[in-house]
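> requesting a structural model of the entry that follows:
(one chain, ligands or ions: 1)
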Amino acid sequence: MEADFTNKTAIVTGAGSGIGRASAERLATAGAAVVVADIDVAGGHETVDRIEGAGGDAVFVDVDVTDEDDVEAMVETATDEFGSLDIAHNNAGIEGEAAPLTELDSAQWHRVLDINLTGVWLGLKHEIPALIESGGGSIVNTSSIAGLVADGTAPYVASKHAVVGLSKSAAIRYADDGVRVNAICPGVVKTPMVERSLEEHPGAIDQLTADQPLGRMATPEEVADAVAWLVLDAASFINGHSLPIDGGLLAT
Ligand code: NAD
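Numbers count the residues shown, from 1 in each chain. As a prediction, this is how the structure comes out:
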């Protein structure tokens with residue numbers, strides 16, 4: 001199914017790298033004007049350059065998703081620059097420290113919860129009124145298979161389970177207003193986040209690949225295709241859903 005987002009505006013957080021960059025590029029290729037939001041200024045500008053180089057329309061906003069003023073300014077940029085907000089992908093996230101929960105300090109715990117969960121809530125808080133003002137729209141929040149099973153560190157698993165619950169809560173509350181909210185639950189995706197982790201544990205790649213039913217990790221583009229489908233009008237009855245994009249990993 002060919003996506004056409006001409007005359008639509010999208011926000012993607014964490015768009016300076018990995019899944020967020022692929023999502024921003026996918027939405028832009030299908031015609032959306034994209035607000036590329038990230039705390040990484042260089043990465044964000046690179047995404048904008050890539051979109052503009054391919055003939056698309058994008059603007060970078062320096063956003064820390066845990067800072068409400070930043071998030072408010074991000075949404076204002078969409079409506080001020082492009083006249084509406086129709087699509088949002090709340091995707092920025094971090095893995096945090098690879099330590100058992102008994103060895104974490106409070107700052108490490110809160111950092112993961114603040115970015116992965118509070119960042120999504122702040123996005124929803126400011127995006128939903130703008131989507132309603134634009135006549136409705138669609139939001140995708142990035143959770144993880146760690147939002148469905150305990151695959152990862154405690155704060156990461158807790159934050160990603162919470163993103164699933166938050167997405168369901170927003171989905172039922174704002175359905176009447178024409179706003180759909182879904183979560184995606186990727187398995188292992190070949191992004192800088194995973195590459196950093198593999199650098200720390202060089203032997204892990206073989207086991208990681210062996211565990212995958214398809215014998216490989218997902219590409220960020222495969223995740224972006226699922227995002228583009230979820231925000232299409234063709235997915236108009238998909239709401240409050242948490243979509244695994246895991247090559248069948250959870251089915252094993
Ligand atoms: P990545 O590290 O490549 O990209 C994450 C981006 O988020 C970076 O550009 C980073 O600068 C940005 N970011 C981090 N903190 C931020 C903040 N406070 N404010 C704004 N931006 C911030 O990682 P990725 O693999 O593309 O991950 C994207 C999302 O997908 C994350 O939520 C992650 O938990 C989730 N995810 C990833 C995988 C995977 O295997 N890579 C699997 C499941 C879920």
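> OK, contacts around whichever residue of the stretch 51-200 of the chain sits closest to the ligand?
Nearest to the ligand, among the residues of the stretch 51-200 of the chain, is residue 93, at 2.1 Å (Cβ to the nearest ligand atom). The way it works is simple: take the backbone N, C-alpha and C, and place the C-beta from them, glycine included. Residues near residue 93 by Cβ atoms under 8 Å, 6 or more residues apart in numbering: 14, 115-116, 119, 142, 159.
> report the contact partners of residue 245.
184-187, 218, 222-223, 226.
> surely residue 183 is in a strand?
Yes: judged by DSSP: H, G, I helix; E, B strand; the rest coil, residue 183 forms part of a strand.
> check contacts around it.
140-143, 147, 163-164, 167, 241-243.
> C-terminal to the helix or strand harbouring residue 193, which secondary structure element comes first?
For residue 193, the element it lies in under DSSP states H and E is helix 192-200. The C-terminal neighbour of helix 192-200 among helices and strands, as given by DSSP H and E, is helix 204-211.
> that following helix vs helix 192-200, what angle?
For helix 204-211 against helix 192-200, the angle between stretch directions is 120 degrees (axes from the mean of the first three to the mean of the last three Cα atoms, to 10 degrees).
> buried set for helix 204-211?
residue 208 (16 or more other Cβ atoms under 10 Å).
> and if you look at stretch 177-184?
179-184.
> repeat for stretch 90-108
For stretch 90-108, the buried set under the neighbour-count rule, 16+ other Cβ under 10 Å, comprises 90-97, 104, 108.
> show me where the stretch 151-252 of the chain has its helices.
Ranges of helices in the stretch 151-252 of the chain, per DSSP state H, counting those that start in this stretch, are 154-174, 192-200, 204-211, 220-231.
> if I look at residue 213, how far off is residue 188?
Residue 213 sits 11 Å away from residue 188, going by Cβ to Cβ, to the nearest Å.
> thinking again about what came up before, nearest to residue 8, out of the helices of the stretch 151-252 of the chain?
Minimum separation from residue 8 across the helices of the stretch 151-252 of the chain (Cβ to Cβ) falls at helix 220-231, 8.7 Å.
> can you list contacts of the helix holding residue 193?
In contact with helix 192-200 (Cβ under 8 Å, 6+ apart) are residues 17-18, 94-95, 98, 188, 204-205, 208, 217.
> same thing but 7 Å
Residues outside helix 192-200 that contact it (Cβ atoms under 7 Å, 6 or more residues apart in numbering) are 17-18, 95, 188, 204-205, 217.
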